[in-house]
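1. My questions concern the predicted model and sequence given below.
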Amino acid sequence: MEELPKDQREFCYYCDKEILDDDWVLKPIYITHSNGVKEEVTRKFHYDCLPVFLEKQKSDKEYAQYLNELGLQVIVEAL
C-alpha cells in the first residue's frame with residue numbers, strides 16, 4: 001500500500017501523531033488570535049487523547065484563575 005504524502009495525512013491536535021482509520025473524534029475548540037479575536041474551530045483528536053487534552057485545559061483554566069486571584073493579570077479562556 002502506498003503511503004500518502006505528509007501534507008495529505010491527518011494528525012491529532014494533541015499528540016501530533018498520525019490518525020489512522022476509525023480511532024479519532026472531532027471536537028470544536030476555541031482559538032484566540034493575536035489580535036484577541038476568539039474563533040471556534042473543529043480539530044481531530046485520537047479517541048484516547050481527547051480526555052487528556054480536556055483535563056489539561058481544565059487544569060490550565062483553574063491555574064489561570066488562581067493567578068488572577070493573586071492579582072496577576074492572566075486571560076482565562078472559556079472551554
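-> Structure's in. What do you need? Numbers count the residues shown, from 1 in each chain.
2. Isn't residue 13 up against residue 43?
-> Yes - counting by Cβ atoms under 8 Å, residue 43 is a contact partner of residue 13 at 3.9 Å. Where C-beta positions appear, they are placed from N, C-alpha and C, glycine not excepted.
3. Overlap in contacts, these two.
-> Common neighbours of residue 13 and residue 43 (criterion: Cβ atoms under 8 Å, 6 or more residues apart in numbering): 27, 29.
4. Got phi/psi on the closest residue to residue 33 other than its chain neighbours?
-> The shortest distance from residue 33 to any non-neighbouring residue, by Cβ to Cβ, 6 or more residues apart in numbering, is to residue 39 (6.6 Å). Residue 39 adopts backbone torsions of phi -140, psi 140, taken as degrees, to the nearest 10.
5. Just grab the bridge partners of residue 39 for me.
-> Residue 39 has the following beta-bridge partners by DSSP bridges: residue 31.
6. repeat for residue 44
-> residue 26.
7. For it, list the residues it contacts.
-> Counted by Cβ under 8 Å, 6+ apart, residue 44 has contacts 10-13, 19, 24-26.
8. re earlier: near the residue nearest to residue 33, how many other residues are there?
-> 9 (other Cβ atoms under 10 Å).
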